[in-house]
Each structure stands twice: as structure tokens, then as C-alpha cells.
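Asker: next input, structure requested:
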Amino acid sequence: MNEINLLPPFTISVDTGGTFTDLILSDSNRVIGLYKASSTPDDLFIGISNAIKLAATENGMTLEALLAETRTFVYSTTRSTNAVLQGKVAKTAFVTTRGFRDTLLYREGGKEDAWNLATPFPKPYIPRRLSFEITERVLADGTVAVELNEQSVRDVLHRVRELEVEAIAVCLIFSVVNPAHELRIAELIEEELPSVAYSLSHQVNNVVREYRRASSTAIDASIKPLMREHLQDLERRFRELGFAGDPLMVTHVSGGVMSLEQMSDRPIQTIDSGPALAPVAGAQYGKHEPLAAGKDIIVVDTGGTSYDVSLTRDGQIAYSREKWLGPEWSGHMTGLPAVDTRSLGAGGGSIAHIDNGGLVRVGPLSAGAFPGPACYMHGGKEPTVTDSALVLGYLDPDNFLGGRMPLDLNAAREAFRVRVAEPLGMTIEESAEAVLRITSEDMRGFTTDMTISQGIDPRDCVMIAGGGAAGMNIVRIAKDLGIANMIIPRLASGLSAVGGQCTDISANFSAGRYMSTTDFNPAAANEVVAELNAKLDAFFAEVKHPGKRIRSIIV
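Answerer: So this is what the prediction gives:
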């Protein structure tokens, strides 16, 4: 139990990873500590409440007492990301202007291996049989060429009801300039199908580029029922336990947080939001560490399932609109401004196996939290990166998680003996070293590609490393990259949760208007800026927290 005098109110930030749930607790003056519990994929609330209970117990409180004294609760989740990647989303219909039914099918073109004709064409996010056309047409200047045929909309909605669709994505041509038809369709949906969730493209991602807007809207609609239920259920259960603070704050893909109500309306913002917090923490550490002064920072976050890399340049986090969910070109484009993080399917829980050619491979499959690595004693039989580190003596089996979770060295050795060592005629230690070396080389190559491809020499950078699995091989990676200075913070194993403590309440709004440089219209440009400012003013009006109100416009 800590002897620190606690000074309520508290702030709790939680990052639910694939293996562990990380929690950072702070009071009015300082960070109190980092607490970890196993994630519970079937019911994330259990893993989160276990982490809160651990924090409370170590500080001489009950879970209920801690929650009662907590004002701000910041929550980061991979639930929406996993739902999309695993196809466990709502049955969604795509409604668009007649003649544009195949926007999600045609995409934007391009593929990773341009000359490989055997590469299958990626499937659209929403199948063509659930894509519908309605009669209407708005031109690029916002004028209506074809009035909305409301009967065509009602016919589509009747068919949608027959197909038992759970969500609708509405994306009409040039609704970014004149959204009247989309807004009317929303009214008809509420009239005909009041229980069906829907998303309007001009509200989700108000940009001209058609595929990106359609893709954003489709993803947003498909996860809206899931995320609304999840977030509201989570807050309800915490309220029942005594949480009486501000509404639940949820992290978004740009590295900030929004209230539960705002996020429920724009759930696509939660996609890939967990990794976005690590560079937020990295940037804060870089500001206060003399070694990082004047240098670009490579932030790496190694968890149980993935190795995430991001950059800060000139003290600023790198952002991108080229955010793919899944592989580039064959995945799905979010089209939103997002922290530029890249993820490799390699982490502490990554499973080692022998492929058909007799070579050792590591990942991308992960043992996750359950059954987890063999050494976790949850029934796992496959050797993982964590098992290799235990076999090689990098982990203390009696002091894992501060001794709260002992590891089974014999189980780890047996997994390597059966799955890798004996089939390849190696000792158990040699096979464990091979797995760790392969993993380190994959991570090193991945980091090299991300830095050098953007004109950054990693030898001129400082590395800030975090995540529960970073300590197992991060020195190898830094040495191979030629990085002389590396920072491992005291709370490194909860790097993303640390980011939740120092991030800002923020939101992104976009607007598009087609103009030619040869016929630039200043009045129209000012209208776009005024529209964005109005949205920001409305957002600021909802924020009750003290602090500076800062706005920036990127053209």
C-alpha cells in the first residue's frame, strides 16, 4: 500500500489492449501509479474494473470510493477496430445517388504489388447487394439538377427493412456543398425505420473525394450500434459503482478525447485510436528530456499483439489523412486526419511457428489475453515472444507484474521444445533466441521503412520506447538502427495510458468546396472558413473544462 497522501479529485486513464488493460491514476498534483490487469475480450468492463480495483487496493481505498472521488475518466479502446477487422459489425446498407452505386467497389485504385496479377481485387466494405441508388442530383456548385424523389427513398427503406439491415450509410454526390437531400433522407429514415442507426457523409467526413467520404460513412454507420451500446453500457456500469464525475471521455484517432455523447455520434473516430495516444505521451516526454531537444523522436509501443511506430518532428506529432484500416490499398480508408501510426502484427503474444518451407515465423497471430502465452498458465500451448524472453532469462518468473502474476518457465520451455526446438533439431534456448531475433529484425525493418521512406535518418533521432513488451528486445532494435539515445520512461509499460492523462479535448471538422486556381472565389472560401469556425464554436460551447481554446485550420 502506498503512503502517498492522495489529493482528490482523481483522473483515471485506461487503455484496453489485446493482452493487458493499462490504467494510470493521478490526483490533483501528480501521477500516482500504473496498474495492469488482464484484458477480458468477452466483457471489457471486467478487465477495466479489475485494474481500478487494483489501483484502489494499493492506495488503501475501495473501488467504489476511488470512483466516487474521480472526476475525469479517459477511455481508449480497440473494440471498434477489432470489430471492423474481424467483420463483426452491424449489417449495413449503402445509399447513394443513382449511377454511383459502385463507389465502394471501385475505390481509388492502386495496390501494394502492382505487377502481381494474381492479387485478388479487394471486396467492398459493404457488399453490392446492400448498395442502393436513389433519384437525386446536386451539382458541384450546390445547385439541384434533379430534385430528391422521396418515393425512391421510401422504396429503398422498405427493401432495407425486408433485409433486416441494422445501419444505413448515406453518401450523396456533392452533399458537401449542399446537404439538403441527405438531411431529408435522414428525416425519412427516422420516420420509416426509427430503430435503425444511420450516418450522413457530410457530417462524418465533409470532403470532396468521393471514395474516402463514402468509406468513412460506411465504417461509421457499421459500428454505430455496437459502439453506442458499448460506451453507454460501460458508463452506466461505472455510474452504478459510484462514478459521479464528468461524462466518460473517449480517445479519438487524432490523439485527443471527446465526450461519450459526441463519440457515440461519430464512432469512426475511435478506429485505431489506442495507438494514437503513445505519440502524445512521447511528445510530452520529449519536451522535458534534454536528450530529445531539437531532435525528431521515434515513438515505439510494443504491446501483446502489435508493434506500433509513430514520429514527432520539431516537437509536433506527425498526422496523415492516408489512414488505412488493414493493409494499404486492400484495407479500408478512414479518410480522417489521424496520428500517423503504423502497426506491425508482432508483440509479446505473437505466436512462433514453422511454415511449410521449414522456416521459423513469428506472428501475426497472437495468443492475446486468453489463453495467452504458454507461461501465463491459462491453457496456452503455443510458444510466443514472451515465452522466448522467459526462457532466455529476460523475465523474472516470480516478479512479473510485481509478483501478482507468476509465470510458468517449464510451460514456456515445453512449448518451444514441442513446436520449434525438436522439429528443427535445436536446443530450447537456441529456438527461443531464434524467435526473439526474428521478431527484432521484423521490427527493425518496419521502423527503417517508416523513417527512411519519409526522409528521416533514424541515427539522428531519439527513440522513446514503451509498451509492456518493449523491454524484451528494444535495445537490439535501437542498436541495429544506429540510435545512440533511447528513453524508457518510468511508466513505459503503460505508454498509451500515459497519453490519456496529457491529451486534450479536441475535435476535427472538415469542409470542401471545389475551386479553380484560375477562377478563385474569395467569398466562397470565406464561407467555408466561417462554416468551420461555427462548428468549432459549437464544440467549444459544449466543453465545460477550464483551459485554453485553440483552433487551427489546415488547407
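Asker: and the helices in the stretch 51-200 of the chain?
Answerer: With helices called from DSSP state H, counting those that start in this stretch, the stretch 51-200 of the chain shows them at 63-68, 79-85, 103-106, 150-162, 180-192.
Asker: for L536, see how far away D102 is.
Answerer: 35 Å (CB to CB, to the nearest Å). In this view, the C-beta of every residue, glycine as well, is placed from N, C-alpha and C.
Asker: looking at the two, which is more packed in?
Answerer: L536 (18 against 12; other CB atoms under 10 Å).
Asker: give me the element the residue nearest to the more buried one when sequence neighbours are not counted is part of.
Answerer: Distance criterion CB to CB, 6 or more residues apart in numbering; nearest residue to L536, sequence neighbours excluded, is R551 at 5.1 Å. Element membership for R551 (DSSP states H and E) is empty, with no helix or strand holding it.
Asker: longest helix of the chain?
Answerer: In terms of residue count, the longest helix belonging to the chain (DSSP state H) is helix 210-240.
Asker: which parts of the following helix or strand past that helix are buried?
Answerer: Remark: after helix 210-240, the chain's next helix or strand is strand 249-251, criterion DSSP H and E. For strand 249-251, the neighbour count (16 or more other CB atoms under 10 Å) marks M249, V250, T251 as buried.
Asker: how about the nearest residue to S510, chain neighbours excluded?
Answerer: N206 (4.7 Å).
Asker: which pLDDT value belongs to that neighbour?
Answerer: pLDDT for N206: 87.
Asker: can I assume it sits in a helix?
Answerer: No: using DSSP: H, G, I helix; E, B strand; the rest coil, the secondary structure at N206 is coil, not a helix.
Asker: give me the number of residues near it?
Answerer: Residues near N206, counting by other CB under 10 Å: 23.
Asker: give me the phi and psi for it.
Answerer: phi -80, psi 70 (degrees, to the nearest 10).
Asker: so it is in contact with R513, correct?
Answerer: No: here N206 lies out of contact with R513, judged by CB atoms under 8 Å, at a distance of 10.0 Å.
Asker: what is in contact with those two at once?
Answerer: V176 (CB atoms under 8 Å, 6 or more residues apart in numbering).
Asker: pull the number of nearby residues for R129.
Answerer: Counted with other CB under 10 Å, R129 comes out at 8.
Asker: can you check R437 too?
Answerer: 15.
Asker: any idea which element it lies in?
Answerer: Counting by DSSP H and E, R437 is found in helix 428-452.
Asker: and that helix, how far out from the chain middle?
Answerer: 24 Å (CA atoms, centre = their mean, to the nearest Å).
Asker: buried sites along that helix?
Answerer: 428, 431-432, 434-436, 438-440, 442-444, 446-447, 450-451.
Asker: in its sheet, what does the worst-scoring helix or strand of the chain on mean pLDDT sit against?
Answerer: Within the chain, confidence by mean pLDDT, DSSP states H and E is lowest for strand 324-325 among all helices and strands, at a mean of 82. Strand 324-325 sits in its sheet next to strand 332-333 (antiparallel), going by DSSP bridges.
Asker: need the next SSE after the partner strand, C-terminal direction.
Answerer: Assigned by DSSP H and E, the successor of strand 332-333 is strand 338-339.
Asker: who's in contact with that following strand?
Answerer: 253-255, 272, 275-276, 279-280, 310, 317-321, 323.
Asker: biggest separation within those residues, which pair?
Answerer: The span of the contacts of strand 338-339, defined through CB to CB, is set by V280 and R321 at 18.6 Å.
Asker: more neighbours, these two?
Answerer: Per other CB under 10 Å, whichever of V280 and R321 has more neighbours is V280, with 26 against 17.
Asker: surely the more buried one forms part of a strand?
Answerer: No: V280 is assigned helix when assessed by three-state DSSP, not a strand.
Asker: can you pull the contacts of it?
Answerer: G255, I317, V339, G499, C502, T503.
Asker: my guess is the first one contacts I505. True?
Answerer: It stands for G255. No: counting by CB under 8 Å, G255 stays clear of I505, with 11.5 Å between them.
Asker: how about the closest residue to L54 other than its chain neighbours: which residues does it bridge to?
Answerer: Leaving out its chain neighbours, the residue that sits closest to L54 by CB to CB, 6+ apart is Y35, at 4.7 Å. Judged by DSSP bridges, the bridge partners of Y35 are L23.
Asker: number of residues surrounding Y35?
Answerer: Around Y35 there are 27 residues (other CB under 10 Å).
Asker: okay, it: pLDDT?
Answerer: Looking at Y35, the pLDDT reads 94.
Asker: residue contacts, it?
Answerer: With CB under 8 Å, 6+ apart, Y35 has these contacts: D22, L23, I24, L25, A51, I52, L54, A55, E58.
Asker: secondary structure class for the fourth one?
Answerer: Pointing back at L25 there. L25 - assigned by three-state DSSP - is strand.
Asker: who are the contact partners of it?
Answerer: L25 neighbours (CB under 8 Å, 6+ apart): F10, T11, I12, V31, I32, G33, Y35, A55, N59, L66.
Asker: and it, how far from Q232?
Answerer: In terms of CB to CB, L25 sits 24 Å off from Q232.
Asker: repeat that for the third one.
Answerer: In this view, I24 and Q232 are 24 Å apart by CB to CB.
Asker: more neighbours, the two?
Answerer: Each of I24 and Q232 has its neighbours counted (other CB under 10 Å); I24 has more, 28 against 14.
Asker: for that one, give its distance to Q501.
Answerer: 5 Å.
Asker: can you list residues touching both of these two?
Answerer: S13, V31.
Asker: coming back round to it: from the contacts of strand 338-339, which one has the minimum pLDDT?
Answerer: Lowest pLDDT among the contacts of strand 338-339: R321, 79.
Asker: isn't that residue up against D340?
Answerer: No: here R321 lies out of contact with D340, judged by CB under 8 Å, at a distance of 9.5 Å.
Asker: residues contacting A114?
Answerer: Applying CB under 8 Å, 6+ apart, no residues qualify as near A114.
Asker: among the helices of the stretch 51-200 of the chain, which is nearest G142?
Answerer: When the helices of the stretch 51-200 of the chain are ranked by proximity to G142 (CB to CB), helix 180-192 comes first, at 9.2 Å.
Asker: tell me where the stretch 301-450 of the chain has strands.
Answerer: 307-313, 316-317, 319-320, 324-325, 332-333, 338-339, 342-344, 350-354, 360-366 (DSSP state E, counting those that start in this stretch).
Asker: packing partners for the second one?
Answerer: Right, the one you point to is strand 316-317. helix 277-288 (3 or more CB pairs under 8 Å, 6 or more residues apart in numbering; DSSP states H and E).
Asker: quick one: the helix it packs on to strand 307-313, angle?
Answerer: Angle, helix 277-288 to strand 307-313, by axes from the mean of the first three to the mean of the last three CA atoms, to 10 degrees: 40 degrees.
Asker: okay, now D504: neighbour count?
Answerer: Neighbour number of D504 under other CB under 10 Å is 13.
Asker: that one touches G256, doesn't it?
Answerer: Yes: at 5.1 Å, D504 and G256 qualify as touching, with contact defined as CB under 8 Å.
Asker: how is the protein divided into domains?
Answerer: Domain assignment for the chain by automatic domain parsing gives 10-83+228-264, 355-360+368-435.
Asker: now those in TSV, with distance to R459?
Answerer: Formatted as TSV, the domains of the chain follow (distance: least, CB to CB, whole Å):
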stretch	distance to R459
domain 10-83+228-264	27
domain 355-360+368-435	26
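Asker: strands of the stretch 1-150 of the chain, residue ranges please.
Answerer: Going by DSSP E, counting those that start in this stretch, the stretch 1-150 of the chain shows strands at 10-16, 20-26, 31-38, 70-76, 92-97, 131-134, 137-138, 144-146.
Asker: identify whichever of the ones you listed lies nearest to L390.
Answerer: strand 20-26 (16.0 Å).
Asker: just the angle for that closest one relative to strand 70-76, thanks.
Answerer: Using the same axes, to 10 degrees, strand 20-26 lies at 150 degrees relative to strand 70-76.
Asker: which stretches of this protein have low pLDDT?
Answerer: For the chain, the stretches with pLDDT under 70 are 1-4, 553-555.
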